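Peer 1: Just a sequence and a predicted model for now, questions to come.
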Amino acid sequence: MQDFFNLVMLVCASLASMGLGVFVAYAIFKGCFAMMRWHSDQNAPAPVKASTEVARVS
C-alpha cells in the first residue's frame with residue numbers, strides 16, 4: 001500500500017512541476033513580447049497624416 005501512495009505522490013509531483021513550468025514559460029514569453037512591443041513603439045516613425053485627393057474631370 002505504501003508503494004501505491006508513493007506512486008500517486010510521484011505522479012502528482014510530476015504533473016505539478018510540468019504545470020508550473022508551463023506557467024513560468026508563459027510568463028517569460030509574455031514579458032518578452034511586451035518588451036519587444038515597447039521597443040518597437042519607441043522606434044516607430046511618426047504617423048503620416050492622410051489626405052484625400054480628388055481627381056479633376058475635364
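Peer 2: Yep, it's here.
Peer 1: what residue ranges in the chain score low on pLDDT?
Peer 2: For the chain, the stretches with pLDDT under 70 are 39-41, 43-46, 58.
Peer 1: Which element, helix or strand, includes the spatially most central residue of the chain?
Peer 2: The chain has K30 as the residue nearest its centroid, 3.2 Å off, counting by Cα atoms, centre = their mean. Element membership of K30 [criterion: DSSP states H and E] is helix 2-42.
Peer 1: Give me the helices and strands touching that helix, please.
Peer 2: On a contact count with 3 or more Cβ pairs under 8 Å, 6 or more residues apart in numbering; DSSP states H and E, helix 2-42 meets no helix or strand. From N, CA and C alone the C-beta is placed, and that goes for glycine too.
Peer 1: how far does that helix sit from the chain's center?
Peer 2: 13 Å (Cα atoms, centre = their mean, to the nearest Å).
Peer 1: gap between V48 and D3?
Peer 2: As judged by Cβ to Cβ, to the nearest Å, V48 and D3 stand 71 Å apart.
Peer 1: again with S51
Peer 2: 78 Å.
Peer 1: F33 too?
Peer 2: According to Cβ to Cβ, F33 and D3 sit 45 Å apart.
Peer 1: neighbour count winner among those two?
Peer 2: F33 (10 against 7; other Cβ atoms under 10 Å).
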